[in-house]
Structure formats: structure tokens, C-alpha cells
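Student: Build me a model from this:
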Amino acid sequence: MKSTSFAITDIGMKRKVNQDAFLKDDEAGLFLVADGMGGHRGGEVASQLAVQIIREFCEENKALPPAERLNQAVNASCEQIFKKAAQNEDLHGMGTTILALLIENGEACLGQVGDSRGYLMSEGKLWQITEDHSLLNEELRSGRITPNQAQNYQFKNVITRSVGYENRVAVDVYKRVLRPGDIFLLCTDGLSGLVQIEEIERELGKNGVEQGLRNLVDLANSRGGDDNITALACQVENA
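Tutor: As a prediction, the model looks like this:
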């Protein structure tokens, strides 16, 4: 099987800097989305550094099984971001989410830290693969707030796990045997926070990957564009 991909990033309507970063490499089967955080240029530095280090690590360690490769790659970036933040006062406290998709030998492996989301569309149906590492999600899971209350939750942007805040991080890993037509969507919360899963499913099903993602970014911006918006879709096809 082979994959084709499309990615789009947008600064949104409220931010002065785009602190998101992404990588799409169909040849290597590696796809990354990162949402940086931190004052000054911290978030921008963290997300770009994570993407760069993960890419290099995966290229240099192809003998490792995919799940272990992603785990070690993410933690290699975590360690370097943590060190860089400690050395530069302007970058202190910086970090980033990471969502990494590695496609190899007929299998997809997804590594995640933070609240950037991974979705899978198969046979016309879309569902969320990942579990947000966020305070909001913990409150929802515990039943302390309802889905209706979540819309106005005061701390909905607080994440409970990030790359670079400490020198190590736990990486959630998901695996799937590929099927022709599978579409993996990786996005930052600038999209998922403003667009419903049913709307994503409808756009991808009706308009395809490229136009569908463009329409979804426009939709998020029309609803306030509170954050940077990045979305990457990878579609699996028969070779």
C-alpha cells in the first residue's frame, strides 16, 4: 500500500504567531503535527524542534519496531526541548503537543502526547482514535462536568501532558492494520475545538481530503479562529 497526504496550517483569527508545526513525508511514511506553547517564541521553537528531532531519529533508527521508534523519537525531542528551555530564560517552560503517524509494512502506528487529535475515517465513518491529555477531558471522564458544560469550561486549553515540560514523557501509542481507503486525520485543537466530528466526516466524505480540509479551516475561522489551526490528512491506497 502507498499513501498520499495533504496538510494545511493557518494562523487563525486571534494569534499573532503560528506556533504549530507539521511534517508530511509520503516516501518515509512519517506524518507529524505539533502545537507549541510558551511565551515569546517558546511555542514556535518547541514545535519546530520536536518535528525536526523526531524526523531525524526515525530516519536514523529504522531497525527499531515502529511503536518503539516513535516512543524513543518523541522522548529524544522531549529531552532536547527541556534542555534548551533550561538554557534560555526566554524559552523557559516551553513545550508542545505531538501527534506522530508512522506507516510501515501495512500497519499504521500513531504516537500521541497532548491534545492534538488523531481521527480515522474508514468506509465513510469517522471516529476519534486518540484520547486528549487535557484537564477538560479528565473532568469529562470523571463526570465532574457534562458535555454541555464543557463548551464554557474555564480551563479547556490546559493540557496535562506535553513534550518538553519535563525531560521524559509517556507516549500513548495506537496501532492499526491498514485498509485501502483509510484516511488518518491529524489536527491541532484549533480545528477540533471548533468543528464537530460529524462536520469533519461530512466534509471529507463529500469534498475529499484537500478541499474538505480547506473548508474545515474556513469553518473554524468563521467561528472565531481562537487558535492556530493545522490539519494533515493521509489517505491509504493500493500500490
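Student: so how far does stretch 164-180 reach from one end to the other?
Tutor: 36 Å (CA to CA, to the nearest Å).
Student: Buried ones in it, by neighbour count?
Tutor: For stretch 164-180, the neighbour count (16 or more other CB atoms under 10 Å) marks 164-165, 169, 171-174, 176, 178 as buried. The way it works is simple: take the backbone N, C-alpha and C, and place the C-beta from them, glycine included.
Student: Also stretch 19-37?
Tutor: Neighbour-count burial for stretch 19-37 [16+ other CB under 10 Å]: 19-24, 29-37.
Student: Next step: the residues you listed restricted to helices.
Tutor: Of those, none are assigned to helices by DSSP state H.
Student: out of these, who's nearest residue 83?
Tutor: Relative to residue 83, the closest of these is residue 36; by CB to CB it sits at 16.3 Å.
Student: separation between that closest one and residue 225?
Tutor: Going from residue 36 to residue 225 by CB to CB, to the nearest Å gives 17 Å.
Student: my read: residue 112 touches residue 174, true?
Tutor: Yes - counting by CB atoms under 8 Å, residue 112 touches residue 174, with 7.4 Å between them.
Student: Regarding the residue nearest to residue 153 when sequence neighbours are not counted, what is its secondary structure?
Tutor: Take residue 153 and drop its neighbours on the chain: the residue closest to it by CB to CB, 6 or more residues apart in numbering is residue 136, 5.4 Å away. Following DSSP: H, G, I helix; E, B strand; the rest coil, residue 136 is assigned to helix.
Student: give me the number of residues near residue 136?
Tutor: When neighbours are counted by other CB atoms under 10 Å, residue 136 registers 22.
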